[in-house]
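A.B. asks: Need coordinates for the following:
(chains A and B)
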2 protein chains.
Amino acid sequence: MEKEMNYTFDKVRVVMVNTTEPGNIGAAARAMKNMNLSTLYLVSPKTHPSAVATARASGADDILTNAVVCDTLEEALADVHLVIGASARQRNVKWRQMDVVGACGEIQKTMAVEGQEVAVVFGTENSGLSNEELDLCQILMTIPGNPNYFSLNVASAIQVFAYQHYVYSTTTEFEKSTNEIASNIELEGFYAHLAQVLEHIDYFEEKRPKALLMRRMRRFFGRAEPEKEEVAIFRGILRNIKPFKKD
Amino acid sequence: MEKEMNYTFDKVRVVMVNTTEPGNIGAAARAMKNMNLSTLYLVSPKTHPSAVATARASGADDILTNAVVCDTLEEALADVHLVIGASARQRNVKWRQMDVVGACGEIQKTMAVEGQEVAVVFGTENSGLSNEELDLCQILMTIPGNPNYFSLNVASAIQVFAYQHYVYSTTTEFEKSTNEIASNIELEGFYAHLAQVLEHIDYFEEKRPKALLMRRMRRFFGRAEPEKEEVAIFRGILRNIKPFKKD
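C.D. replies: Predicted coordinates:
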């Protein structure tokens, strides 16, 4: 299913700050590539590059190879027009806060202007972003979830953002099935045939009045919106019931 | 941020089939707990329980401890009213397909009836769910993403679903329904009965192979989400076809 994206995703960079586990860097690359993101910045990673990260990246190692390593967060944010900091929970009201959908809306607005870039910043495994790091962000993006347990792995947080960003920025219209729906005439023909066969097998009786049962059949099949081919299958079945005459 | 949930999340079970890496089971538990899901079923996991899974669960080890281990997928789906299979990509049109948001809408509808349960099934790391496993699902849930690289880790797929499910069910209006949907066991009983009767009337033949036709029947009836009463009506019809023996 090819979806049209509203803008070039390589202008949306993911920034990982002081990541300690190289496996998380690899998992982040994989999460990103699955959702069409490709630009990764690493601020003072403990270990990079590493075989562990490459293994976890599982074919997304081009993102690791092209990752930009910086000494400071400021460096990683140079030339960026919007900086969003990810946080596991809401913080004090110092920052402008929104959930992932809201943040994606802001990204879209920023990307609407040619040449602009966005950074989404994820903190270290143990404590997330520091207040000083958040001071460099214009928006604090909170990821909704269990209020009694919030311990999202950093690569999982990137996965959630990347997924929501992909869904938000692509048309949400789902590819229509090409199977043709049965016409009203075909459906009526089927109902008539069905009623006839049900008579034939003595299905209708006092406790199962024809009018009521046929109404329920119409309701059921109407809800399923049968395709032409499906109606043909059901009629084939009905035709096969016929030969077994009672007498 | 405390949000009100529309229904009890413990009635939405995550089913992992033939998981080979215990680390993925732990990561799945963590992903679930972050998004308030708690019910995990493991179908023939390669290694469980394991220290690796517990370490990766990072405080979500209660979900691992309470995980139900089953030998077969059928066992894991008993008593469930809606079965959703996760797939990395769209498949042939045999199954009813929708994206994660659409699947969450179906879950919400099913959960609107008191006492109903839902299963969301995730396949093995290398190849996902088999066609035979998908035959047990009413809906194929596809996770949108990069059409040129789709290699979502199974725990990441669960993270995406769990996030979307949390967001959907905390932000979408809930509507209670009164008609009870057929359970998975009832549906399976109906399909078995249907196949038996179709054999009986010599419906299957070379041009109408049983496996294909039964898959189409599952797709059709799955889409219609039959109510208990409707399944009872269809079984009544099937019973009436029986007396007309060929010889």
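A.B. asks: what helix or strand is the residue nearest the centre of chain A on?
C.D. replies: Chain A has residue A:163 as the residue nearest its centroid, 4.8 Å off, counting by Cα atoms, centre = their mean. With elements taken from DSSP states H and E, the one containing residue A:163 is helix A:154-169.
A.B. asks: Is there a neighbour count for residue A:218? I'd like the number.
C.D. replies: Residues near residue A:218, counting by other Cβ atoms under 10 Å in any protein chain shown, number 14. (Glycine included, C-beta is placed from N, CA and C.)
A.B. asks: now residue A:181
C.D. replies: One way to gauge burial is a neighbour count; for residue A:181, by other Cβ under 10 Å, it gives 14.
A.B. asks: wouldn't it be in contact with residue A:226 here?
C.D. replies: Yes: counting by Cβ atoms under 8 Å, residue A:181 touches residue A:226, with 7.3 Å between them.
A.B. asks: How about the contacts made by the closest residue in space to the residue nearest to the centre of chain A that isn't next to it in sequence?
C.D. replies: When the adjacent residues along the chain are set aside, residue A:163 lies closest to residue B:160, with 4.7 Å between them (Cβ to Cβ, 6 or more residues apart in numbering or on different chains). The neighbours of residue B:160, taking Cβ atoms under 8 Å, 6 or more residues apart in numbering or on different chains as the test, are A:159-160, A:163, B:100, B:143, B:152.
A.B. asks: and of these, the nearest to residue A:186?
C.D. replies: Distances from residue A:186 to the contacts of residue B:160, taken as Cβ to Cβ, are shortest for residue B:100 (33.4 Å).
A.B. asks: before we move on, back to that, kindly confirm whether my reading is correct that the residue nearest to the centre of chain A touches residue A:32.
C.D. replies: No: using Cβ under 8 Å, residue A:163 is not in contact with residue A:32, being 10.5 Å away.
A.B. asks: Next secondary structure after the lowest-mean-pLDDT helix or strand in chain A?
C.D. replies: Here the helix or strand of chain A ranked lowest by mean pLDDT, DSSP states H and E is helix A:210-224, holding a mean of 85. Using DSSP H and E, the helix or strand that follows helix A:210-224 in sequence is helix A:228-241.
A.B. asks: For whichever helix or strand comes after the helix holding residue A:163, name the packing helices and strands.
C.D. replies: Past helix A:154-169, further along toward the C-terminus, the next helix or strand under DSSP H and E is helix A:184-200. Judged by 3 or more Cβ pairs under 8 Å, 6 or more residues apart in numbering or on different chains; DSSP states H and E, the packing partners of helix A:184-200 are helix A:210-224, helix A:228-241.
A.B. asks: Specify which residues of chain A, grouped into ranges, have pLDDT under the cut-off.
C.D. replies: When the per-residue scores of chain A are filtered using pLDDT under 70, the ranges that remain are A:1-6, A:89-94, A:171-179, A:242-247.
A.B. asks: can I get the helices and strands packed on helix A:184-200 in a markdown table with distance to chain B?
C.D. replies: Conversion of those to a markdown table gives the following (distance: least, Cβ to the nearest Cβ, whole Å):
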| stretch | distance to chain B |
| --- | --- |
| helix A:210-224 | 4 |
| helix A:228-241 | 5 |
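A.B. asks: elements contacting the least confident helix or strand of chain A?
C.D. replies: In terms of contact count using 3+ Cβ pairs under 8 Å, 6+ apart, helix A:210-224 is assigned the packing partners helix A:184-200, helix B:210-224, helix B:228-241.
A.B. asks: neighbouring contacts of it?
C.D. replies: Counting by Cβ under 8 Å, 6+ apart, helix A:210-224 makes contact with A:187, A:190-191, A:194-195, A:198-199, A:203-204, B:220-221, B:223-226, B:229-230, B:233, all of which sit outside it.
A.B. asks: okay, now the domains of chain A?
C.D. replies: Here the domain assignment for chain A is A:9-169, A:184-241, based on automatic domain parsing.
A.B. asks: Buried deepest among those domains, which one?
C.D. replies: Among those, ranked by average contacts under mean count of other Cβ atoms under 10 Å in any protein chain shown, first place goes to domain A:9-169 (a mean of 19).
A.B. asks: what's the first-to-last distance across it?
C.D. replies: In domain A:9-169, first residue to last residue: 9 Å (Cα to Cα, to the nearest Å).
A.B. asks: Run through the residues that contact residue A:57.
C.D. replies: Contact partners of residue A:57, counting by Cβ under 8 Å, 6+ apart, are A:26-27, A:29-30, A:63-64.
A.B. asks: same deal with residue A:24?
C.D. replies: When contacts are counted by Cβ under 8 Å, 6+ apart, residue A:24 touches A:16, A:56, A:125, A:153-155.
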